[in-house]
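Participant: Give the three-dimensional model of this entry:
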Amino acid sequence: IYDEKDLIAFAQAVKGGNFTLNALQMDNIKLEKEWEPIGTFENPYQGTYNGNGYTITGLKVSVDAYLHAGLFGYTSGATLVNIHLVEVSVNNTYSSDFYSPYAGALAGYASGNTTIALCSSTGSVSATNTSGDAYAGGLVGLAAGTHITRSLNTCNVTATGRNNAYAGGLTGSTGNNSVI
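Facilitator: Numbers count the residues shown, from 1 in each chain. Below you'll find the predicted structure:
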């Protein structure tokens with residue numbers, strides 16, 4: 001993956017059903033367009049994305065349509081390594097008593113033994129729910145059964161929920177024997 005066009009093509013291939021697709025980033029990428037997160041609860045991303053030490057600058061997710069907001073929306077058993085997100089703006093607003101918004105620069109929700117290593121993020125991440133709970137983390141909104149090592153966040157992180165709000169530097173919340 002060399003540029004925004006390649007990254008969008010990768011995201012579309014995953015959305016099209018290739019959930020275990022692997023990728024190697026080969027250059028710094030500047031995103032100009034609003035981003036549609038890779039992977040959903042119904043179809044989580046399960047492959048390996050290696051950022052190869054390059055940056056992705058300008059990630060912006062700010063629409064009300066995604067329960068899971070970030071570069072990756074929802075992962076299960078994925079490997080996300082050496083990804084460096086710069087100047088992100090992830091704002092997930094979702095109003096529901098039953099569903100919660102999850103926001104993270106790297107992934108809104110990481111589950112099923114997802115591995116995250118050598119990743120970093122700068123910018124801002126927020127999740128808001130006027131009816132229920134909200135989860136926001138600098139890298140991952142909610143990490144469930146996830147291993148995070150040697151990673152860094154300097155994003156400003158905020159969560160606002162009518163019931164509960166979970167916000168944290170690396171993750172908004174953890175569960176299912178996650179290791180950080």
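
Participant: Quick one: low-confidence residue ranges for this structure.
Facilitator: 63, 65 (pLDDT under 70).

Participant: And the residue nearest the centre of it?
Facilitator: Centroid-nearest residue in the chain, with CA atoms, centre = their mean: residue 107, separated by 1.5 Å.

Participant: Can you spell out which residues form a bridge with it?
Facilitator: With DSSP bridges as the criterion, residue 107 is bridged to residue 72, residue 140.

Participant: ends of stretch 15-22, how far apart?
Facilitator: In stretch 15-22, first residue to last residue: 13 Å (CA to CA, to the nearest Å).

Participant: Hmm, residue 59 and residue 34 touching each other?
Facilitator: No. The criterion here is CB atoms under 8 Å, and residue 34 misses it with residue 59 at 9.7 Å. For the C-beta atoms, the positions are set from N, CA and C on the backbone; glycine is no exception.

Participant: who's more crowded, the two?
Facilitator: residue 59 (22 against 11; other CB atoms under 10 Å).

Participant: Quick check: the residue lying closest to that one once chain neighbours are set aside vs residue 26, distance?
Facilitator: Counting by CB to CB, 6 or more residues apart in numbering, residue 88 is the residue found nearest to residue 59 once chain neighbours are left out, at 4.4 Å. According to CB to CB, to the nearest Å, residue 88 stands 21 Å off from residue 26.

Participant: burial of residue 44, as a residue count?
Facilitator: Neighbour number of residue 44 under other CB under 10 Å is 24.

Participant: Just give the nearest non-adjacent residue to it, would you?
Facilitator: Closest residue to residue 44 apart from its sequence neighbours, by CB to CB, 6+ apart: residue 76 at 3.9 Å.

Participant: OK, contacts around that neighbour?
Facilitator: When contacts are counted by CB atoms under 8 Å, 6 or more residues apart in numbering, residue 76 touches 44, 45, 46, 111, 112, 113, 114.

Participant: Quickly list what the second one is bridged to.
Facilitator: Under DSSP bridges, the beta-bridge partners of residue 45 are residue 75.

Participant: Contacts only, for it.
Facilitator: Going by CB under 8 Å, 6+ apart, residue 45 touches 14, 19, 38, 39, 72, 73, 74, 75, 76, 78.
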